[in-house]
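Novice: can't give you the sequence, but here's the structure:
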């Protein structure tokens, strides 16, 4: 039986229309790990993928809490090589603002420069997330540390409150392991999870130095869900100096050498404990 | 002469027109119903924005603990006992204590939340998660910093823990939206643990524990019992 050509044309048109209708359905069924949580675009340098690179910063063993532990194989020593300094805010985000025209985003750059010199004097390599008046995203700042091997991360802040002339160190509250952690990849929004014990040791080490030098500072590390730390796959602390509310800028400037030296001493004291195992991958796939 | 396939095409088109004529009225009814539903939802949202009704005069005054900043200036909190005409309904009760926190203590230096901020809505999910929706001023007027933002969240969480035991954890929204941080530092994408005894479900994976009240605060708490009889009427 001969099929009329107009029917063939109509059939082709129907197939094309059906295909066009199906495209949005396919794109909406994209798997959840295809983009970072809270974003809708494909991973780019400004939108890094949803998992932190496990081979760059290996996860530590959680030996102190065996009931809730991350999966780890036999340890392989990795020393502390790099310190990533993160002067917070920048660009249009001025951060905390004082009555004397003091902007957190400006002051942290000065602190970062001094801390960099103090750390380099101890033989450590230092990277910064910004050197000028730009404002990288939280994820971009974390990615700077996550791409390194044997790195620690220190984000620098000047607060609006607190006793003037004091300094505090923060680490994130406990992030319990989830089923996603058993895959061998670190979920991007829980990247800090496997590093909490080391972060706490680093925080205590630096906070102890602050307590010696700046009267009124706490003697132990503080706990707070600081957004910047959550996505960092490395031992990570936040340092907050008090405060932008000082009577004059010179009060903050006088703290710079002491803060720099305290952080350098704290990092050097922490350095011997920074021996962490390589990160597990299923059946050894992707092991460096 | 009319070709056979012309008859077929004509027949199919006729069937399509008849089917469309039958389907369109039903489609229109569904669109009208959807529009009415949207109006109802908007009305519900408007009602949520209205302040909670004042408790009736017959209610007894209840002692509640409000966690405001301590005078030490170190970011810690002090529990202050005051008397409020509290509702029995946990949602109304939560709104009352949070609004009291927003109104602030007598000493302005002990304030933990910005006076410009307003509580737009508060509701409690079946798993014990309390959702507190604040106006934009909560994020824009709060002093920026880890310590000040953490103190603000802790003051809400600890006050709810003391006065509204039905709330197991706290989620903070800004103008109905989940935001990354409160004012650039504290992570608001997670929930904050309020009361582990409330709620039947296990804790969520991403949950922050409020900082404990330090020894200095315990001493301040004892001192704070002095104004226990003060009443706040609004």
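Specialist: Structure received. Since we're looking at a predicted model, the values are computed, not measured.

Novice: contacts, neighbours, all on C-alpha from now
Specialist: Noted.

Novice: show me where pLDDT drops low in chain A?
Specialist: A:1-6, A:10, A:12-13, A:15-78, A:179-182, A:276-288 (pLDDT under 70).

Novice: cool, and chain B?
Specialist: B:1, B:35-59, B:196-234.

Novice: tell me which parts of chain A are close to chain B?
Specialist: Within chain A, the positions adjacent to chain B are A:4, A:95-97, A:157-163, A:173-178, A:223-228, A:240 by Cα under 8 Å from any Cα of the partner chain.

Novice: and these, which of them are in strands?
Specialist: A:157, A:158, A:223, A:240 (DSSP state E).

Novice: Now do residue A:160 against residue A:267, distance only.
Specialist: Going from residue A:160 to residue A:267 by Cα to Cα, to the nearest Å gives 26 Å.

Novice: just to revisit the earlier point, out of the ones in strands among the residues of chain A next to chain B, what pair is the most spread apart?
Specialist: A:158 and A:223 (17.0 Å; Cα to Cα).

Novice: Please say which of those two ends up with more neighbours.
Specialist: Under the criterion of other Cα atoms under 10 Å in any protein chain shown, the comparison of residue A:158 against residue A:223 puts residue A:158 first, with 30 against 19.

Novice: Quick one: residues contacting the more buried one.
Specialist: A:96, A:104, A:107, A:108, A:240, A:241, A:242, A:243, A:244, B:145 (Cα atoms under 8 Å, 6 or more residues apart in numbering or on different chains).

Novice: Nearest to the spatial middle of chain B, which residue is it?
Specialist: Geometric centre of chain B, nearest residue: residue B:132, 1.2 Å, by Cα atoms, centre = their mean.

Novice: what are the ranges of the helices in the stretch 1-150 of chain A?
Specialist: A:5-28, A:104-120, A:138-146 (DSSP state H, counting those that start in this stretch).

Novice: Kindly report the same for the stretch 151-288 of chain A.
Specialist: A:196-213, A:227-230, A:249-270.

Novice: just these: most buried one?
Specialist: Of all the helices of the stretch 151-288 of chain A, helix A:227-230 carries the top mean neighbour count, a mean of 26, counting by mean count of other Cα atoms under 10 Å in any protein chain shown.

Novice: Show me what that helix packs onto, helices and strands only.
Specialist: helix A:138-146, strand A:236-241 (3 or more Cα pairs under 8 Å, 6 or more residues apart in numbering or on different chains; DSSP states H and E).

Novice: Relative to residue B:180, which of these is closest?
Specialist: helix A:138-146 (9.7 Å).

Novice: Check which helices and strands that closest one sits against.
Specialist: strand A:82-87, strand A:151-158, helix A:227-230.

Novice: picking that back up, let me have the helices of the stretch 151-288 of chain A in CSV, adding distance to residue B:110 as columns.
Specialist: Output for those, formatted as CSV (distance: least, Cα to Cα, whole Å):
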stretch, distance to residue B:110
helix A:196-213, 25
helix A:227-230, 25
helix A:249-270, 24
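
Novice: Apart from its neighbours in sequence, what residue is nearest residue 129?
Specialist: Since you didn't name a chain, this refers to chain A. Nearest residue to residue A:129, sequence neighbours excluded (Cα to Cα, 6 or more residues apart in numbering or on different chains): residue A:86, at 5.1 Å.

Novice: my bad, the chain I had in mind was chain B
Specialist: residue B:169 (4.8 Å).

Novice: With residue A:119 instead?
Specialist: residue A:264 (5.2 Å).

Novice: Name all residues that make contact with the one you found.
Specialist: A:115, A:118, A:119, A:122.

Novice: Repeat that for residue A:230.
Specialist: A:172, A:189, A:190, A:191, A:192, A:193 are the contacts of residue A:230 under Cα under 8 Å, 6+ apart.

Novice: sorry, back to before: okay if I get the helices and strands packed on helix A:138-146 as JSON lines plus distance to residue A:205?
Specialist: Formatted as JSON lines, the helices and strands packed on helix A:138-146 follow (distance: least, Cα to Cα, whole Å):
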{"stretch": "strand A:82-87", "distance to residue A:205": "15"}
{"stretch": "strand A:151-158", "distance to residue A:205": "13"}
{"stretch": "helix A:227-230", "distance to residue A:205": "17"}
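
Novice: where do the strands sit along chain B?
Specialist: Going by DSSP E, chain B shows strands at B:62-69, B:77-84, B:119-124, B:129-134, B:169-174, B:191-193, B:207-208.

Novice: How about the stretch 1-150 of chain A: which residue is closest to chain B?
Specialist: residue A:96 (4.9 Å; Cα to the nearest Cα).

Novice: Would you quantify the distance from that residue to residue A:107?
Specialist: Following Cα to Cα, the distance that separates residue A:96 from residue A:107 is 10 Å.

Novice: When those two are compared, which one has more neighbours?
Specialist: residue A:96 (24 against 20).

Novice: so that one sits right up against residue A:103, yeah?
Specialist: Yes: with contacts counted by Cα atoms under 8 Å, residue A:96 reaches residue A:103, the gap being 6.1 Å.

Novice: Now list whatever residues contact both of these two.
Specialist: Common neighbours of residue A:96 and residue A:103 (Cα under 8 Å, 6+ apart) are residue A:244.

Novice: Next one: residue B:23 relative to residue B:16, how far apart?
Specialist: Counting by Cα to Cα, the gap from residue B:23 to residue B:16 is 10 Å.

Novice: Same question for residue B:170.
Specialist: On the measure of Cα to Cα, residue B:170 and residue B:16 end up 55 Å apart.

Novice: ok, the two, which is more surrounded?
Specialist: Each of residue B:170 and residue B:16 has its neighbours counted (other Cα under 10 Å); residue B:170 has more, 25 against 12.

Novice: Relative to chain A, how far out is the more buried one?
Specialist: 14 Å (Cα to the nearest Cα, to the nearest Å).

Novice: hang on, the earlier thing: ok, the residue nearest to residue B:129 - contacts?
Specialist: By Cα under 8 Å, 6+ apart, the neighbours of residue B:169 are B:128, B:129, B:130, B:157, B:191, B:192, B:193, B:194, B:195, B:196.

Novice: What of residue A:262?
Specialist: Per Cα under 8 Å, 6+ apart, neighbours of residue A:262: A:206, A:209, A:210, A:213.

Novice: Closest one of those residues to residue A:259?
Specialist: Nearest member of the contacts of residue A:262 to residue A:259, counting by Cα to Cα, is residue A:210, at 7.2 Å.

Novice: circling back: who wins on neighbours among the contacts of residue A:230?
Specialist: Busiest of those [other Cα under 10 Å] is residue A:193, holding 29 neighbours.

Novice: Quick check: that residue touching residue A:173?
Specialist: No: counting by Cα under 8 Å, residue A:193 does not reach residue A:173; the two are 9.4 Å apart.

Novice: hmm, back to that, would TSV of the contacts of residue A:262 with distance to residue B:61 be doable?
Specialist: Formatted as TSV, those follow (distance: Cα to Cα, whole Å):
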residue	distance to residue B:61
A:206	48
A:209	49
A:210	47
A:213	49
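
Novice: So which of the residues you listed is the closest to chain B?
Specialist: Among these, and counting by Cα to the nearest Cα, the member closest to chain B is residue A:210, at 15.0 Å.

Novice: correct me, but that closest one touches residue A:167?
Specialist: Yes: with contact defined as Cα under 8 Å, residue A:210 and residue A:167 form a contacting pair (6.3 Å).

Novice: So for the two, which residues contact both of them?
Specialist: Common neighbours of residue A:210 and residue A:167 (Cα under 8 Å, 6+ apart) are residue A:217.

Novice: Would you enumerate the residues in contact with residue A:225?
Specialist: A:171, A:172, A:173, B:186, B:187, B:208.
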